[in-house]
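J.: okay, predicted coordinates and the sequence, questions at the end:
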There are 2 protein chains.
Amino acid sequence: MTTDTLPVLAILGGTGDLGTGLARRWAQAGYQVIIGSRTLEKAEAAVSDLREVMADRGVGDVTVQPMENLAAAEAADVVAVTVPFSHHASTLTLVKDALQGKILIDVTVPLVPPKVGRVQLPEGGSAGQIAQELLGEGVAVVSAFQNVAAAHLQEGSGVECDVLVCGNKKAAREEVIKLVEAAGMRGFHAGMINNAAAAEALTSVLIVINKQYSCHAGIRITGLSD
Amino acid sequence: MTTDTLPVLAILGGTGDLGTGLARRWAQAGYQVIIGSRTLEKAEAAVSDLREVMADRGVGDVTVQPMENLAAAEAADVVAVTVPFSHHASTLTLVKDALQGKILIDVTVPLVPPKVGRVQLPEGGSAGQIAQELLGEGVAVVSAFQNVAAAHLQEGSGVECDVLVCGNKKAAREEVIKLVEAAGMRGFHAGMINNAAAAEALTSVLIVINKQYSCHAGIRITGLSD
């Protein structure tokens, strides 16, 4: 497997279930992946855990590195951010310069604890819009993966959830759709970055459904073949 | 088929594809349905068309009546509203008194033409929240059906789309879920009326997908059986 033509990926705040779930899937697909965290120690611990799981699954030949968030953003071609909303703006501010000219995949859902099952979109409309505003036009912000249960990403098998991919630049959305597919899901062009509000709001609805059914719900787009 | 125990249903602004689609399905399920419009003439024309379609399908024994919106709201036990967002507040203001003590099913999507594929939620958060605010606590506002393509409702067969049902009162949501099922779909408790924002925003995403695939897309909730 060659990684020569594949972009290097970083996942900021990538030590949680969602971040490591994406890291596993992308690494398994042959991408070089950097797990970023606020401290190198936390990133190293996550990478070490991840290597163990991968080895258990018989997947040995993967490239996953730990770094601090800023170094990770500098070293990568495409950067994903999977931090709680309360750290969203500060994390992006830290790496703003390093992101210029790159794609930022914003996975952030603006949940407001403790009522995480209640849609409470921020004043800027959505986390995605806030990110685009904060980072400026030099960064192609693309929102994605907000509706995917981390539990399913951690599994080895396919994920029964479609991914809505929003962003102002079509070419950037297409790059991200490739990464969605590499992670084992279908990605859909879902409109400009304003539309991130739909996917972000839907996460609270899925949390409500999860509670009722004791499950990790997702969504599928239907009716494509009319 | 007896309609003794079933609530009488009214659909305000019910002369469009969405309103008549719901009317057909509910009438076929044995409900007494009133199609409301701003003028009695328009309501009569819609009912006449609908009776023709039903007769063509060999469904003769249905009860569908035309009325002006206010009379329809007064005569019904459960009232749905399927008007464009630009007529949402004025229609609800007209029937506010008639709705007290009843369930209002809000199907309104706050699209802002011409950019209907762009999520542009209103200042009140969502049409559903605006309705609840405007009508007061005496009316149980339940949002539903925002993601269902009218084209599919018009068809005789099952609809491959789930319905997110939001509202502040669980009993009212349950009543509406029964009506979702009567119309041939699955309904899900999707949280308080704030969460209407998710379903309303999702409609713009589906419009974007419809354009790409030349289809009438919908959604399905997945992963229920974990």
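T.: Yep, that arrived. Residues are numbered from 1 along each chain as shown, chains lettered A, B, ... in the order given.
J.: so what's the residue nearest the centre of chain A up against?
T.: When CA atoms, centre = their mean is applied to chain A, the residue found nearest the centroid is residue A:107 (4.1 Å). Under the criterion of CB atoms under 8 Å, 6 or more residues apart in numbering or on different chains, the neighbours of residue A:107 are A:18, A:22, A:80, A:81, A:82, A:143, A:144, A:145, A:146. Yep, even glycine has a C-beta here, placed from its N, CA and C like the rest.
J.: recalculate using a threshold of 10 Å.
T.: By CB atoms under 10 Å, 6 or more residues apart in numbering or on different chains, the residues touching residue A:107 are A:11-14, A:18-19, A:22, A:80-83, A:127-128, A:143-146, A:148, A:199-200.
J.: and what of residue A:165?
T.: Residue A:165 is in contact with A:105, A:142-145, A:172-177, A:179-180, A:187-191, A:195-196, A:199, counting by CB under 10 Å, 6+ apart.
J.: which positions in the helix or strand bottoming out on mean pLDDT in chain A come out as buried?
T.: Ranked by mean pLDDT, DSSP states H and E, the weakest helix or strand in chain A is helix A:150-154, scoring a mean of 90. Neighbour counts over helix A:150-154 (16 or more other CB atoms under 10 Å in any protein chain shown) mark A:150, A:151, A:152, A:153 as buried.
J.: just the residues you listed now: which is nearest chain B?
T.: For these, the residue nearest chain B by CB to the nearest CB is residue A:152; the value is 7.0 Å.
J.: and for the nearest residue to the closest one once chain neighbours are set aside, the neighbour number?
T.: The shortest distance from residue A:152 to any residue other than its chain neighbours is 4.7 Å, reached at residue A:159 (CB to CB, 6 or more residues apart in numbering or on different chains). When neighbours are defined as other CB atoms under 10 Å in any protein chain shown, residue A:159 has 23 of them.
J.: just to be sure, residue A:159 is in a strand?
T.: No: going by DSSP: H, G, I helix; E, B strand; the rest coil, the assignment for residue A:159 is coil, not a strand.
J.: figure out the helix or strand that residue A:64 lives in.
T.: Using DSSP states H and E, residue A:64 sits in strand A:63-68.
J.: show me what the following helix or strand past that strand is packed up against.
T.: Using DSSP H and E, the next helix or strand after strand A:63-68 towards the C-terminus is helix A:69-75. If contacts are counted by 3 or more CB pairs under 10 Å, 6 or more residues apart in numbering or on different chains; DSSP states H and E, helix A:69-75 sits against strand A:9-12, strand A:32-37, helix A:40-56, strand A:63-68, strand A:78-81, helix A:88-99.
J.: what does helix A:69-75 rub up against?
T.: For helix A:69-75, using CB under 10 Å, 6+ apart, the contacting residues are A:8-14, A:32-40, A:43, A:65-68, A:79, A:81, A:83, A:87, A:91-92, A:94-99, A:102, A:104.
J.: low pLDDT regions in chain A?
T.: For chain A, residues meeting the criterion pLDDT under 70 lie at A:1-4, A:226.
J.: burial count for residue A:56?
T.: Residues within reach of residue A:56, counting by other CB under 10 Å, total 8.
J.: how close does it get to residue A:30?
T.: With distances defined as CB to CB, to the nearest Å, the gap from residue A:56 to residue A:30 amounts to 19 Å.
J.: one more: residue A:97?
T.: Applying CB to CB to residue A:97 and residue A:30 gives a distance of 29 Å.
J.: in contact with residue A:196, which residues?
T.: By CB under 10 Å, 6+ apart, the residues touching residue A:196 are A:106, A:108-110, A:121, A:125-132, A:141-144, A:146, A:164-167, A:190, B:119, B:201, B:205.
J.: at 6 Å instead, please
T.: Taking CB atoms under 6 Å, 6 or more residues apart in numbering or on different chains as the definition of contact, the neighbours of residue A:196 are A:126, A:128, A:143, A:166.
J.: show me the two of these that sit farthest apart.
T.: Among those, the pair separated by the greatest distance (CB to CB) is A:126 and A:166, at 8.6 Å.
J.: returning to what we had before: which of the contacts of residue A:165 fall in helices?
T.: In this view, these that belong to helices under DSSP state H are A:172, A:173, A:174, A:175, A:176, A:177, A:179, A:180, A:196, A:199.
J.: need those in a markdown table (columns: distance to residue B:220).
T.: Conversion of these to a markdown table gives the following (distance: CB to CB, whole Å):
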| residue | distance to residue B:220 |
| --- | --- |
| A:172 | 28 |
| A:173 | 23 |
| A:174 | 25 |
| A:175 | 27 |
| A:176 | 23 |
| A:177 | 20 |
| A:179 | 23 |
| A:180 | 18 |
| A:196 | 21 |
| A:199 | 16 |
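J.: now, which of those residues sits nearest residue A:136?
T.: Of all the ones in helices among the contacts of residue A:165, the one sitting nearest residue A:136 is residue A:172; the distance, using CB to CB, is 14.3 Å.
J.: how near is that closest one to chain B?
T.: Shown here: residue A:172 relative to chain B, a distance of 16 Å by CB to the nearest CB, to the nearest Å.
J.: get me the contact residues on chain A for chain B.
T.: A:117-119, A:160, A:164, A:188, A:190-192, A:194-195, A:197-198, A:201-202, A:205, A:208-209, A:213, A:215-224, A:226 (CB under 6 Å from any CB of the partner chain).
J.: now, the residues you listed that are in strands?
T.: Cross-referencing the residues of chain A next to chain B with the strands (criterion: DSSP state E) gives A:164, A:188, A:218, A:219, A:220, A:221, A:222 as the overlap.
J.: of those residues, just the buried ones, ChimeraX syntax please.
T.: What follows is the ChimeraX syntax selecting those of those that are buried according to 16+ other CB under 10 Å:
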select /A:164,188,218,219,220,221,222
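J.: thinking again about what came up before, ok, the buried residues of helix A:150-154 vs residue B:26, which is closest?
T.: Proximity of these to residue B:26 (CB to CB) peaks at residue A:152, which lies at 36.4 Å.
J.: contact partners for the closest residue to residue A:175 other than its chain neighbours?
T.: When the adjacent residues along the chain are set aside, residue A:175 lies closest to residue A:103, with 5.8 Å between them (CB to CB, 6+ apart). When contacts are counted by CB under 6 Å, 6+ apart, residue A:103 is found next to A:78, A:140, A:142, A:172, A:175.
J.: what does residue A:26 give?
T.: A:9, A:33.
J.: hmm, try it at 8 Å
T.: Under the criterion of CB under 8 Å, 6+ apart, the neighbours of residue A:26 are A:9, A:33, A:179, A:182, A:183.
J.: buried subset of those, written for ChimeraX?
T.: Applying 16+ other CB under 10 Å to those, the buried members can be selected in ChimeraX as follows:
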select /A:9,33,179,182,183
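J.: so which of the contacts of residue A:26 comes closest to residue B:50?
T.: Each of the contacts of residue A:26 was checked against residue B:50 using CB to CB; the closest is residue A:183, at 46.7 Å.
J.: and that closest one, what does it touch?
T.: A:22, A:25, A:26, A:29, A:153, A:159.
J.: and of those, the nearest to chain B?
T.: The shortest distance between chain B and any of the contacts of residue A:183, using CB to the nearest CB, involves residue A:159 and amounts to 8.9 Å.
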